[in-house]
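K.L.:
Take this sequence and fold it.
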Amino acid sequence: MNRRNFLTLLGAAGAGGTFTAPPVAAQLIRLSGDLSEIAAPVWAAWKEGYLQPDGRVVDRLQQNASHSEGQGYGMLLATEFNDHDAFRRMFEWTEANLALRRDMLLAWRYLPDEAQPVPDRNNASDGDLFYAWALMRASRRFSERRYLHRAAEIAQALAEHCIMPAPNESLGLVMLPAVQGFVHDERVTINPSYLMPLAMRELAATTGVSALAQCARDGEALLRLLAGDGLVPDWLSITPNGLVPAEGFSENAGYEAIRVPLFLVWSGLGQHPAVEQMKRVYERTIRPGAPVPTVIEPVSGVVLEVSPDPGYRALAALVSCAGQGGEPGSDMPAFDPRQPYYPATLQLFSMIAVNEVFPQCVPI
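P.N.:
Numbering: from 1, shown residues only. Predicted coordinates:
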């Protein structure tokens, strides 16, 4: 496999460092090893596009907001790209602006144009999970013990406040989307894409919070059950009698559930039924130059929305390759910093998954 080269096209920088021109410069990057050495231009482009100097990760399509999820995502990327300066700035901004709760978890959203930038102090458990995971990995990468201490605080708080037995006992433990608002009588509403098995297992092993590992195992089984009927949906509710649609939430497999196969593949579960179900959709819909499905009706597989952003094509390429048993090569595209923050970040996550788990899925 000596032809595993990752073709990355970076846009030309305009005035003030913003990317204004189409991708024009080609650079071959060998994707096997330390990403800080082999893919530094991609990380530099991501930072310039979505990270402010003060450490705030900005989602311009969401009112220029910042989320605990985005801060955790960015800090994990900074760790993978060995950028302690960027990590520290994101960590310090997050602690100053989102670490406002008494239970050690983070407020979920920051709105810069509001008189009160954090109007809702409820948390988002996936943001907390990725934040703790980033801190745990950073404690090793940068030899900073304080990061591990903070990761352990969050892991314990997640176990105490966001992990509980499902109303249907056969489903084991589930992770609530937040501390407040998702438990009603005997019905619990969950978001399957908030499960990241690898993050949960690594945190459990490092911090001793075993509930995270048990929740990961039970979550993988729940995803397998859901995949028996089609794609995993964005949201669902659990009752003592089983699984039902989540009233008031998306029943489609959309921009949230699109992360489910990515996180499973990244966790080494490329043959999981939820990955196989999404692979089948991609097999019949992905065409060269055509937009990629982003919102799909779970049972029928009817595509409701598509996107031309390369981040979604990168994710589809990873899922398609890993889901076929890791045969060499994939259709992963070049990184384009003009795309929105979310698909750009999913594209870098796909790169990390390839580098860590499925090196045979690098484009040939």
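
K.L.:
The protein: helices as residue ranges?
P.N.:
Applying DSSP state H to the chain gives helices spanning 35-38, 40-50, 68-80, 84-97, 125-141, 145-161, 197-207, 210-227, 259-266, 273-285, 310-323, 341-356.

K.L.:
Which among those is found nearest to residue 113?
P.N.:
When the helices of the chain are compared by CB to CB, helix 84-97 sits nearest residue 113, at 14.2 Å. C-beta coordinates here come from the backbone N, C-alpha and C atoms, glycine included.

K.L.:
quick one on the thing from earlier: which stretch in the helices of the chain is the model least sure about?
P.N.:
Ranked by mean pLDDT, these end with helix 35-38 at the bottom, a mean of 86.

K.L.:
buried residues in that one?
P.N.:
Buried residues in helix 35-38, counted by 16 or more other CB atoms under 10 Å: 35, 38.

K.L.:
What helices and strands are in contact with that helix?
P.N.:
helix 341-356 (3 or more CB pairs under 8 Å, 6 or more residues apart in numbering; DSSP states H and E).

K.L.:
Residues in a beta bridge with residue 296, which ones?
P.N.:
The residues listed as beta-bridge partners of residue 296 by DSSP bridges are residue 253, residue 303.

K.L.:
ok, residue 120 touching residue 110?
P.N.:
No: taking contacts as CB atoms under 8 Å, residue 120 lies outside contact range of residue 110: 10.3 Å.

K.L.:
Between the two, which has more neighbouring residues?
P.N.:
residue 110 (24 against 13; other CB atoms under 10 Å).

K.L.:
burial of residue 88, as a residue count?
P.N.:
So residue 88, with other CB under 10 Å, has 17 neighbours.

K.L.:
er, residue 197 actually
P.N.:
Count around residue 197 with other CB under 10 Å applied: 22.

K.L.:
can you check residue 60 too?
P.N.:
Residue 60 has 11 neighbours, counted by other CB under 10 Å.

K.L.:
ok, now residue 338?
P.N.:
16.

K.L.:
With residue 40 instead?
P.N.:
15.

K.L.:
Neighbours of residue 210, how many?
P.N.:
Neighbour count of residue 210, defined by other CB under 10 Å: 11.

K.L.:
Ok, residue 288 next?
P.N.:
Residue 288: 5 neighbours (other CB under 10 Å).

K.L.:
what about it, distance to residue 317?
P.N.:
With distances taken as CB to CB, to the nearest Å, residue 288 is found 12 Å from residue 317.

K.L.:
Pretty sure residue 158 sits against residue 128.
P.N.:
Yes: with contact defined as CB under 8 Å, residue 158 counts as touching residue 128 (5.7 Å).

K.L.:
Between these two, which is the more surrounded one?
P.N.:
Applying other CB under 10 Å to residue 158 and residue 128 shows that residue 128 carries more neighbours, namely 30 against 27.

K.L.:
so the more buried one touches residue 156, yeah?
P.N.:
No: in this structure residue 128 lies outside contact range of residue 156 using CB under 8 Å: 11.1 Å.

K.L.:
before we move on, back to that, find residues that contact each of residue 158 and residue 128.
P.N.:
residue 105 (CB atoms under 8 Å, 6 or more residues apart in numbering).

K.L.:
wait, which of the helices of the chain is closest to residue 243?
P.N.:
It is, among those and with distance given as CB to CB, helix 210-227, at 7.2 Å.

K.L.:
Name the residues of that closest one that are buried.
P.N.:
For helix 210-227, by 16+ other CB under 10 Å, it's 211-216, 218-220, 222-223, 225-227.

K.L.:
Please save the CA atoms from that helix in CSV.
P.N.:
Output of helix 210-227 as CSV, limited to C-alpha atoms (Å, rounded to 0.1, in the frame of the first residue of the first chain):
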residue,chain,number,x,y,z
SER,A,210,-17.0,2.4,34.4
ALA,A,211,-20.6,3.6,33.7
LEU,A,212,-19.3,5.2,30.5
ALA,A,213,-18.0,1.9,29.2
GLN,A,214,-21.2,0.0,30.1
CYS,A,215,-23.3,2.8,28.4
ALA,A,216,-21.1,2.4,25.3
ARG,A,217,-21.8,-1.4,25.2
ASP,A,218,-25.5,-0.9,25.7
GLY,A,219,-25.5,1.9,23.2
GLU,A,220,-23.9,-0.2,20.5
ALA,A,221,-26.6,-2.9,21.1
LEU,A,222,-29.3,-0.2,20.9
LEU,A,223,-27.9,1.0,17.6
ARG,A,224,-27.9,-2.6,16.3
LEU,A,225,-31.6,-2.9,17.3
LEU,A,226,-32.5,0.3,15.5
ALA,A,227,-30.6,-0.7,12.4
